[in-house]
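[1] predicted model and sequence follow; I will ask about them next.
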Amino acid sequence: MRGWGTANDQAGFTLMELIVAMTLLGMLMAALLGGLKLGSRVWEASEERLAASARMETVRNFLRSRLGEALPPTAFAAVSDPEAIFLGEPHLLRFAGRMSPHQGGGIYLMELALERRGGGSDLLLRWSRLDGGGEEPTAYERVLVDGVTGFEVAYYDSSAQHWRRDWRDALVLPRLVRIELGFSGDDPRSWPPMIVELMVDTWHLT
């Protein structure tokens, strides 16, 4: 009969049990760390997509408001070349319009064009003030959307009821303007075709 309190009766873990427990704990910690890293990557990717989406919406709202209020050449005295005020091409759009007060106000000539830079292309906005009191206008330039693979503009002819690839009519402005942008297949950004209705659709040269 064994005596009370011998070594065989004492509770404890064997070396093998400790090794198994530590291994399981290590696997659990690795899984938790991997989950945290994955969650962090998903969070960062979601934030990037939201930021890109917000940026696109800001650009679209700006273009919609400025282009929608495009001014006809007759709004300017002694216009000898209407195309200097409004010019529509498949990959270039020039128009005159007002900047909002928080953007400085005033009347500007604005131009949208795609410019290749390095390994990609950017959608640029160039603008210069038209009501500068006779002073030489200062030209400005800003990238609206970077990494663009395509830029297409179309112009709706309300009299013929069809879209045109360019607009050089010296008597009538297009009723609608459609702007489309393209991106590479791995780019998460999107640009649904944007159609803007011009507030001033007809005018006469004087």
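    That came in fine, so what should we check first?

[2] partners of residue 164 in the sheet?
    residue 155 (DSSP bridges).

[3] ok now the helix or strand of the chain with the lowest mean pLDDT, how far from the chain's centre?
    Scoring the helices and strands of the chain by mean pLDDT, DSSP states H and E places helix 15-68 at the bottom, with a mean of 77. Put simply, helix 15-68 sits 22 Å off its chain's centre (CA atoms, centre = their mean, to the nearest Å).

[4] could you measure from residue 127 over to residue 99?
    Noted for residue 127: a distance of 8 Å to residue 99, by CB to CB, to the nearest Å. Bear in mind the C-beta positions are built from the backbone N, C-alpha and C, glycine included.

[5] ditto for residue 14
    Distance from residue 14 to residue 99, counting by CB to CB: 80 Å.

[6] what bits of this protein have low per-residue confidence?
    Flagging of the chain using pLDDT under 70 yields the residue ranges 1-13, 36, 38-50, 74-75, 77-83, 103, 131-137, 170-171, 200-206.

[7] ok, now which ones touch the residue nearest in space to the middle of the chain?
    Centroid check for the chain by CA atoms, centre = their mean gives residue 56 as the closest residue, at 2.9 Å. Residue 56 makes contacts with 145, 189, 190, 191, as judged by CB atoms under 8 Å, 6 or more residues apart in numbering.

[8] how about residue 111?
    By CB under 8 Å, 6+ apart, the contact set of residue 111 is 92, 93, 94, 125, 126, 127.

[9] any idea how far the third one is from residue 88?
    It refers to residue 94. In this view, residue 94 and residue 88 are 8 Å apart by CB to CB.

[10] neighbour count winner among those two?
    It is residue 88, of residue 94 and residue 88, that has more neighbours when counted by other CB atoms under 10 Å, with 21 against 18.

[11] doesn't residue 167 make contact with the more buried one?
    Yes. Contact status for residue 88 versus residue 167: in contact at 3.1 Å, counting by CB atoms under 8 Å.

[12] any residues in contact with both of the two?
    155, 174.

[13] related to what we said a few turns ago, next step: the contacts of residue 111 restricted to strands.
    In this view, the contacts of residue 111 that belong to strands under DSSP state E are 92, 93, 94, 125, 126, 127.

[14] touching, the third one and residue 73? I think so.
    Meaning residue 94. No. Contact criterion CB under 8 Å: residue 94 and residue 73 do not qualify, at 11.5 Å.

[15] shared neighbours of those two, anything?
    Counting by CB under 8 Å, 6+ apart, the residues touching both residue 94 and residue 73 are 84, 85, 86.

[16] going through those residues, which ones are buried?
    Listed as buried from these are 85, 86; burial here means 16 or more other CB atoms under 10 Å.

[17] returning to what we had before: so between residue 14 and residue 99, which is more surrounded?
    Comparing residue 14 with residue 99 by other CB under 10 Å, the one with more neighbours is residue 99, at 17 against 8.

[18] I'm done for today, thanks for sticking with me.
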